[in-house]
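**Q** Take a look and give me a structure for this.
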Amino acid sequence: MSAKTKATSKAKKNAPKKSTNSAVGGPVSRYVLATGLKLGLAILVIVIFYGIYLDGKVRHKFEGQRWQVPAQVYGAVPTLTLEQNVDFNNIELQLLQLNYQRVSRVVEPGQFTRKGPRLIIYRREFDFGLGLEAPAKIEIEQQAGEVYRLSFNDVETYKVQLEPLLLERILSAEGEDRVFVPLEQVPQSMVEALLFVEDKDFYHHHGLSFTGIARAFWQNLKAGARVQGGSTLTQQLAKNMYLNRDKTLWRKVNEALIAVILEWRYSKDQILEAYVNEVYLGQHYGHGVYGLGLASKFYFGKPLSLLSDEQVALLIGVVKGPSYYDPWKNPERALERRDLVLRVMFENHLLDRDSYQQAIATPLNIRPNRRFAQRSFPAYSQQVRRELKQFGATQALQSGLRIFTGFDFVKQINAERSIRNQLDALEQRQGVNELQAAMVVTNIKDASIAAIVGDRNVKFSGFNRALDAKRPIGSLIKPAVYASALERFEHYNLATPLTDEPLTMHNNQGQTWEPKNYDGKYRGKVTLLEGLSRSLNIPTVNLGMALGLENVANMLKTLGYDGNVSLVPSTLLGSVSMSPLQVSQWYSTLANNGMYNKSRAITAIYTSSGKVVWQKPQVADQRLSLQGSYLIDYAMKTVTKTGTAKTLKWQFPGLTLAGKTGTSNDLRDSWFVGYDQDTLVTSWIGRDDNQSTGLTGSSGALSLYSEFLSAQGGHSRFDLLPEGVEMTNFEIATGNAVTSECMEMARYPAVRDGLFHTDTCLQPKPKVKSWFEKLFGRNDDQDDAVSTGH
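**A** Predicted coordinates:
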């Protein structure tokens, strides 16, 4: 063995032996492994707990109130029945407000035509509160101003309903606006097109789709533009419903986790329905447009079911970027995007070649203006909101409530026009300025409020004089005084004499009150009917004091006034202050034959699922006797024939109307309440500084009613004697019911049980001599004188 070999062998022997538990392969590796397991377990626990948190968050929103769906406030549902009075012009006016199209031949929903005495309407689908009703073809035929024949889908019927006007949508505080559409109401072609463009594998993946990402990348590369999205619809729903729009990795992680939870918890149809109602599709000024249902009305002004192929394609195309593809701001981009979607629909056999070519050649068919039609009726909206607050429904306003009201578009427009026109004319004629006005229009049958104007500027949304301006009502109070008397038929009737002579009254403090008639004249004696129809103050005070102030105050309460009434004589001449709405309330009882109904704007409230939240009670509450209400109505009709409102007689000679003028001290307030068979109108004119207007009730507020009636048209008051009332001859001088001929007589209706007939007169009517007696007969006066001498 050489020396070099020996040295090497020795070195190997003397070298230290390697340990099997080195610092690299022993305790260190076990430490790393243990630490990794602990860290992995901790992450797993965190993920599990975070997943549980996300699951709870997903379930809470998806199974609770998913969205803040605005409350929708509708006007009255136009209802037509056989033999009902009908005005085709008014119906057409409302149809045009609803964006119905006037055509020569009706072929699809949203169209109407008029052919002589026939009006044909293809009513759109609508939910009247009991579920969505399919489109229907309605035909109305009139004869002599009445409905002669009705048909519903070519079947004759007794009653039909037309689509009501949408007054407003009460939005959430966040400004979200949407129209909820159940999945079964979304056209199948739209659903299929949406899936082909946004998520072709929707019914096959579990929230995430890697093949979908790859396919979208390839399709977009071929098209040279983004035709398909990489995220699934479930991911998009997760982002829209639960997350913000920040483009961060953490948001994408949350999006994926929530998408998996959604797919695990809910069916594909539930997810798809949520998506079509949640997807963000644009901005209407300060409010977001969410869901396909609202977007269809926003872009095209019609529901989903009526969209054309190119409109469907545009709506789906906008999903990618509502701002970037805004058809009003960027029509070229929107058109290009729409055509790409149409091509996808054609390539996937959703469109045949002819339909595709026709659609591709069509320009953007959107509304001319992005702003929704502004039907602004602020005074009426204030009343609706007050009533919602009274019902305790304000907390549920964002749950899609459907609120139906008594609002009548035609009556509202006519009320607004009468105030605008007449105030200008009155100021010019009287040489005054700064006049203000208010008007409340009520449907007599159910006391539902049809129209409200609260300011001269009819679109003003501030102080509402119709609801909140309480002013002295003047002679408007007199029907309550006279009704109180006529209910006591044993003591009073329309011929009862009332004293009209100078009157002085003293109170306990030594103060005096000397009421006077408006014309300053005294007539000695007048009938009860004349006292009301000519609005005489002194006879009214004498009657009221005889009845008792408390009885008059009770009558106001009975009729429906909810305020306090001071028991002082000046109350009898209207020193009590009321708002036009308060006046309208108790006058509606007089106009409805003594039947009381609470005046309300809202007639019914339904949840989005059709459950009744509140409905206007249809309870009969007869506050006056039928006999007494007929007599006061007769007197109110006399007001418009020969009394203070007699101008109505020559303005509307074919109509039987009723009403009452009212004027407060120094001509500060001008009032008039007028009504026909169907509609009660309360109008007021005054000044906010409470200065004189120079107008009486007949020279001021009456003109508002006259203009309203000229535009609206009217229906005469019925004149049927109720049981127990008969036409009776009265002697004017005594007020007695007589069976003989007296010097001055009148024939009035009276309650039979309260009459005592007499055959004698205080002033007998002279016997009319025949021509023979005039030539040859004796002088009866001389004979009477001779016999009296004996």
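**Q** Would you map the helices across the stretch 451-600 of the chain?
**A** 465-468, 478-486, 528-533, 537-547, 549-559, 580-591 (DSSP state H, counting those that start in this stretch).
**Q** again but with the stretch 51-200 of the chain, I slipped
**A** Under DSSP H, counting those that start in this stretch, the stretch 51-200 of the chain gives helices at 88-97, 188-198.
**Q** so which of those comes closest to Val181?
**A** helix 188-198 (10.3 Å; Cβ to Cβ). Where you see a C-beta, it was placed from the backbone N, CA and C, and this is true even at glycine.
**Q** name the helices or strands packed onto that closest one?
**A** helix 233-242, helix 268-278, helix 309-318, helix 331-347 (3 or more Cβ pairs under 8 Å, 6 or more residues apart in numbering; DSSP states H and E).
**Q** please redo it, this time with the cut-off set to 6 Å
**A** In terms of contacts (3 or more Cβ pairs under 6 Å, 6 or more residues apart in numbering; DSSP states H and E), helix 188-198 is packed against helix 309-318, helix 331-347.
**Q** Any chance of those in a markdown table with mean pLDDT, distance to Leu556 and mean neighbour count as columns?
**A** Converted to a markdown table, the helices and strands packed on helix 188-198 look like this (pLDDT from 0 to 100; distance: least, Cβ to Cβ, whole Å; neighbours: other Cβ atoms under 10 Å):
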| stretch | mean pLDDT | distance to Leu556 | mean neighbour count |
| --- | --- | --- | --- |
| helix 309-318 | 92 | 58 | 25 |
| helix 331-347 | 92 | 63 | 19 |
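**Q** could the helices of the stretch 451-600 of the chain go into a markdown table alongside mean pLDDT and mean neighbour count?
**A** A markdown table is the format used below for those (pLDDT from 0 to 100; neighbours: other Cβ atoms under 10 Å):
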| stretch | mean pLDDT | mean neighbour count |
| --- | --- | --- |
| helix 465-468 | 96 | 21 |
| helix 478-486 | 97 | 27 |
| helix 528-533 | 97 | 26 |
| helix 537-547 | 97 | 21 |
| helix 549-559 | 97 | 18 |
| helix 580-591 | 97 | 26 |
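**Q** Export the ones you listed as JSON lines, with columns for distance to Arg747.
**A** Shown next, in JSON lines, are the helices of the stretch 451-600 of the chain (distance: least, Cβ to Cβ, whole Å):
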{"stretch": "helix 465-468", "distance to Arg747": "40"}
{"stretch": "helix 478-486", "distance to Arg747": "17"}
{"stretch": "helix 528-533", "distance to Arg747": "11"}
{"stretch": "helix 537-547", "distance to Arg747": "21"}
{"stretch": "helix 549-559", "distance to Arg747": "27"}
{"stretch": "helix 580-591", "distance to Arg747": "23"}
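**Q** Nearest to Phe128, out of those helices?
**A** Proximity to Phe128 (Cβ to Cβ) singles out helix 580-591 among those, at 25.6 Å.
**Q** Report the inter-axis angle for that closest one versus helix 549-559.
**A** 90 degrees (axes from the mean of the first three to the mean of the last three Cα atoms, to 10 degrees).
**Q** residues in contact with helix 580-591?
**A** Here helix 580-591 makes contact (Cβ atoms under 6 Å, 6 or more residues apart in numbering) with 438, 440, 442, 444, 447, 466-467, 479, 559-561, 596, 599, 623, 673, 675, 680, 682, 684.
**Q** Mean pLDDT per helix and strand in this protein: which one sits at the bottom?
**A** Here the helix or strand of the chain ranked lowest by mean pLDDT, DSSP states H and E is helix 780-789, holding a mean of 36.
**Q** hang on, the earlier thing: among the helices of the stretch 451-600 of the chain, which is nearest Phe196?
**A** So among the helices of the stretch 451-600 of the chain, helix 465-468 is nearest, using Cβ to Cβ, at 54.2 Å.
**Q** Remind me what the closest one packs against, helices and strands.
**A** Partner elements for helix 465-468 (3+ Cβ pairs under 6 Å, 6+ apart): strand 436-443, helix 580-591.
**Q** and that helix, how far from the chain's centre?
**A** Centroid separation for helix 465-468 versus its chain: 17 Å, with Cα atoms, centre = their mean, to the nearest Å.
**Q** contacting residues around that helix?
**A** Residues outside helix 465-468 that contact it (Cβ under 6 Å, 6+ apart): 379, 438, 440, 452, 454, 579-581.
**Q** In contact with the closest residue to Ser629 other than its chain neighbours, which residues?
**A** Nearest residue to Ser629 in three dimensions, chain neighbours excluded: Gly594, at 3.3 Å (Cβ to Cβ, 6 or more residues apart in numbering). Contacts of Gly594 were listed using Cβ under 6 Å, 6+ apart, and they are 622-624, 629.
**Q** any idea how far Gly594 is from Ile473?
**A** 20 Å (Cβ to Cβ, to the nearest Å).
**Q** Pull the most distant pair out of the contacts of helix 465-468.
**A** Pairwise distances across these (Cβ to Cβ) peak at 12.0 Å, for the pair Ala379 and Ser579.
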